[in-house]
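Engineer: need a 3D model of the sequence below.
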Amino acid sequence: MNISEINNQLFRTVNSLGKEYQHLNLPMIIIAEYTVFFLAIFVILLWFTKNKEHKIMLICGSIAFILAEIVGKLAGLLHFNHQPFAVLSNTNQLIEKAVDNSFPSDHTILFFSFCMTFWLFKKGTWFGWILLAILVGVSRIWVGVHYPLDVFVGAVIGITCASIIYFTVPKLTVLTTTITKYEAIEKVIIANFIKLKKLKFK
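Structural biologist: Model (predicted):
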């Protein structure tokens with residue numbers, strides 16, 4: 001059995017679960033489609049916690065994601081496959097998606113880039129984020145838009161890029177200097193906003 005056959009068989013195994021356990025389809029659709037908004041809201045809220053380590057962590061996560069996306073696009077030039085629902089028969093497709101190159105999974109790259117960064121910065125205590133990234137990857141197979149290999153390679157790329165950035169970028173003094181200057185500007189803006197608000201209600 002070659003890699004392609006194993007990939008298809010694993011896809012069938014996960015994707016067919018949606019037919020057997022239909023009550024899980026809605027949660028899987030929500031995870032596959034909308035968890036990205038939860039991640040975005042969390043990142044925005046965390047940025048404004050006035051914690052410098054959080055800002056460094058989020059910057060590293062963002063850089064890791066950008067780097068991982070570049071690597072992912074390069075990987076996509078080396079290998080091409082359409083989404084499973086466009087190729088295989090009797091696929092349990094639960095969400096709409098344009099047919100293009102599904103290798104590797106962008107959603108998986110995004111979540112593993114950020115979630116691995118969170119886990120590294122928090123010394124492994126934010127393990128729930130890794131579980132979330134895995135769940136997102138599995139959900140993309142469950143709803144029929146990615147093969148296991150798309151997800152696996154996306155995870156490897158995200159984890160690798162997050163690890164490289166974690167061990168290099170925080171050591172750059174320009175990063176902490178930039179954040180310090182940003183926080184000073186942010187304080188001035190907030191102070192001026194409060195003054196204007198007080199004057200408005202006088």
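Engineer: how about the most centrally placed residue in the chain: what's its closest non-neighbour residue?
Structural biologist: Closest residue to the average C-alpha location of the chain: Phe111 at 1.9 Å, with CA atoms, centre = their mean. Nearest residue to Phe111, sequence neighbours excluded (CB to CB, 6 or more residues apart in numbering): Ala133, at 4.0 Å. Just so you know, the C-beta spots here come from the backbone N, C-alpha and C atoms, and that holds for glycine as well.
Engineer: phi first, then psi, for the one you found.
Structural biologist: Note on Ala133: its backbone torsions stand at phi -60, psi -40 [degrees, to the nearest 10].
Engineer: before we move on, back to that, can you tell me how far the residue nearest to the centre of the chain sits from Val188?
Structural biologist: As judged by CB to CB, to the nearest Å, Phe111 and Val188 stand 35 Å apart.
Engineer: which positions in the helix or strand encompassing Ala162 come out as buried?
Structural biologist: Per DSSP states H and E, Ala162 falls inside helix 148-166. Neighbour-count burial for helix 148-166, with 16 or more other CB atoms under 10 Å as criterion, is recorded at 148-162, 165-166.
Engineer: what residues are up against the residue nearest to the centre of the chain?
Structural biologist: Thr35, Val36, Leu39, Leu132, Ala133, Val136, Gly137, Gly158 (CB atoms under 8 Å, 6 or more residues apart in numbering).
Engineer: the helix or strand harbouring Ser62 to helix 148-166, inter-axis angle?
Structural biologist: Counting by DSSP H and E, the element that carries Ser62 is helix 52-78. Helix 52-78 and helix 148-166 are oriented at 140 degrees to each other (axes from the mean of the first three to the mean of the last three CA atoms, to 10 degrees).
Engineer: avg pLDDT for helix 52-78?
Structural biologist: If you average the pLDDT over helix 52-78, you get 96.
Engineer: counting neighbours, which bits of it end up buried?
Structural biologist: For helix 52-78, the neighbour count (16+ other CB under 10 Å) marks 54-61, 63-65, 67-69, 71-72, 75-76 as buried.
Engineer: now, among the contacts of Phe111, which is nearest to Asn8?
Structural biologist: For the contacts of Phe111, the closest approach to Asn8 (CB to CB) belongs to Gly137, at 17.2 Å.
Engineer: residue contacts, the closest one?
Structural biologist: Neighbours of Gly137 in contact, by CB under 8 Å, 6+ apart: Ser105, His107, Thr108, Phe111, Phe112, His146, Val151, Phe152, Gly154, Ala155.
Engineer: state the distance from it to Asn51.
Structural biologist: 29 Å.
Engineer: again with Ala40
Structural biologist: From Ala40 to Asn51 the distance is 19 Å (CB to CB).
Engineer: next, the angle from the host helix or strand of Phe38 to helix 52-78.
Structural biologist: Under the criterion of DSSP H and E, Phe38 resides in helix 25-47. Angle, helix 25-47 to helix 52-78, by the same axes, to 10 degrees: 130 degrees.
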